[in-house]
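K.L.:
predicted structure and sequence below. I'll ask about it afterward.
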Amino acid sequence: MNTETKIFLKKKFREYYARHRIPAPEEIERREFGVGTLKDKIKIRHKSFKSERELQNFLRREAPFFISYSAAYYEFPQNQPMKEKNWLGAELVFDLDIEMDFLDASRLQRVRDEAINLVDFLVEDFGISERDIQVNFSGSKGYHIHVLNEKIKNLGSDERREIVDYIAGDINFVDYLKVEGDKILGPKKGDRGWYGRIYEELYNLIKNSNQKELEKIPGIGEKKARLIYEGRERILKELELGRYNYMSEIITVNMSYRRTEDPNVREPIIKGVSSPLVQKIIEDRSVNIKKAEDTDKMVTIDTSRLIRLPETLHGGSGLIAKKVKDLEKFDPLREAIAFGEEKVKIELKEKVPEFEIKGERFGPFKEGSIEIPEFVGIYLLLKDKGDIVQSSTP
């Protein structure tokens, strides 16, 4: 990226912050901030601001390409090292994104659906009020979900990991079954949480699938699909009652026995369970949060992580990290546009595939000079696909 392009982009970011008031996070004086460059999303951290006005003045003066803040609250947010900050608690934050090289409406819709699913888990399974949940578009490939709740605030990393594992479907179906007399009881009609999800999905899958559709499920095959299909009326009745020992077509239970205080009595226990249908349901209904070694899951677990400040610009796309009022209706490629329609001329350094933004499709482009709307040009410049040719920058 040449110098003129960097100057042009900095000018445009400064214009945005001059026109917009960026709301400060709750208890701003207890938050740590980090700012980034075109190369590093967080180049400098351990910054703090005493007020929204001080934050606003900084943004207008410096116009950083990235600015993030801590989900955590500290007594001394500017102190170093981390242990000197005196941690006071932290929001529960989830970072959901999806891989894509260029903006893609269909992929962004998929990650939005994951965010909707996540909010459903928080409300239905954990009893969190929707008033305590704040959803923000990340400004690029996904969404940040914040839980602003006093009971959540003081959870440690282990408790946060348990929440993430539950939502991500890292559960063992054995834990959802119990032995009672000669019966194996499990998820049934009217249950909530994962119990209810497993029951509802099993019921609908068996009721609405034909034999060929059942055969396509990994681990089922032709013989088992035929048995499920032919016995579906009986299976559905047993499902409603949650009696899983009468549904050998859909579940295999490995039983064992352990000794009790009475040498003549052995207690039955469930040693293992196999059910391709239940496994499919858990995979389909869980939220696609990455594994613990990946950044996105660690954002939730690590209480010292920084997350993008809402309503600020993303230095990799030029889109706004927008607060979302209605997640089901939100369209980031229309509602998170920061820049205008005026034409800019840029020199592309490489080929650019077709992509979508603001309801229009642009490209594919070859190397060379093109004239495009400013919001598209800034997007391509920030991705370092070209350099500015014409601008009003002195």
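P.N.:
All right, it came through fine.

K.L.:
neighbours of Phe362, how many?
P.N.:
20 (other Cβ atoms under 10 Å). For glycine as for every other residue, the C-beta is placed from the backbone atoms N, C-alpha and C.

K.L.:
quick one: it from Glu342, how far?
P.N.:
For Phe362, the distance to Glu342 equals 15 Å [Cβ to Cβ, to the nearest Å].

K.L.:
do the same with Ser256
P.N.:
In this structure, Ser256 and Glu342 are separated by 73 Å, where distance is defined by Cβ to Cβ.

K.L.:
check which helix or strand Asn136 maps to.
P.N.:
Remark: Asn136 resides in strand 133-137, with elements defined by DSSP states H and E.

K.L.:
how far out from the middle of the chain is that strand?
P.N.:
On the basis of Cα atoms, centre = their mean, to the nearest Å, strand 133-137 is displaced by 10 Å from the centre of the chain it belongs to.

K.L.:
just the CA trace of it, in CSV.
P.N.:
Taking only C-alpha atoms (Å, rounded to 0.1, in the frame of the first residue of the first chain), the coordinates of strand 133-137 have been written out as CSV:
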residue,chain,number,x,y,z
ILE,A,133,-28.0,-9.2,25.7
GLN,A,134,-26.3,-6.8,23.3
VAL,A,135,-25.5,-8.0,19.7
ASN,A,136,-23.1,-6.1,17.5
PHE,A,137,-22.0,-6.8,13.9
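
K.L.:
list the neighbouring strands of that strand plus their orientation.
P.N.:
Sheet partners assigned to strand 133-137 using DSSP bridges are listed as strand 142-147 (antiparallel), strand 323-324 (antiparallel).

K.L.:
tell me which residue is most central in the chain.
P.N.:
Using Cα atoms, centre = their mean, the residue of the chain that lies closest to the mean C-alpha position is Leu96, 2.0 Å off.

K.L.:
helix, strand, or coil at that one?
P.N.:
Reducing the assignment to helix, strand or coil with DSSP: H, G, I helix; E, B strand; the rest coil, the entry for Leu96 is strand.

K.L.:
tell me the contacts of it?
P.N.:
Contacts for Leu96 (Cβ atoms under 8 Å, 6 or more residues apart in numbering) come out as Val111, Glu114, Ala115, Leu118, Gly142, Tyr143, His144, Ile145, Val287, Asn288, Ile289, Asp296.

K.L.:
farthest pair within those residues?
P.N.:
Greatest spatial distance in the contacts of Leu96: His144 and Asn288, 15.1 Å, computed using Cβ to Cβ.

K.L.:
where does the stretch 151-300 of the chain have low pLDDT?
P.N.:
Of all residues in the stretch 151-300 of the chain, those with pLDDT under 70 make up the ranges 290-300.

K.L.:
the stretch 51-200 of the chain: helices as residue ranges?
P.N.:
Along the stretch 51-200 of the chain, counting by DSSP state H, counting those that start in this stretch, helices occupy 52-62, 105-124, 150-153, 157-167, 193-208.

K.L.:
okay if I get the ones you listed as JSON lines plus mean neighbour count?
P.N.:
Below are the helices of the stretch 51-200 of the chain laid out as JSON lines (neighbours: other Cβ atoms under 10 Å):
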{"stretch": "helix 52-62", "mean neighbour count": "16"}
{"stretch": "helix 105-124", "mean neighbour count": "17"}
{"stretch": "helix 150-153", "mean neighbour count": "14"}
{"stretch": "helix 157-167", "mean neighbour count": "16"}
{"stretch": "helix 193-208", "mean neighbour count": "18"}
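
K.L.:
any chance of the ones you listed in TSV, plus distance to Leu38?
P.N.:
Below are the helices of the stretch 51-200 of the chain laid out as TSV (distance: least, Cβ to Cβ, whole Å):
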stretch	distance to Leu38
helix 52-62	14
helix 105-124	23
helix 150-153	34
helix 157-167	31
helix 193-208	43
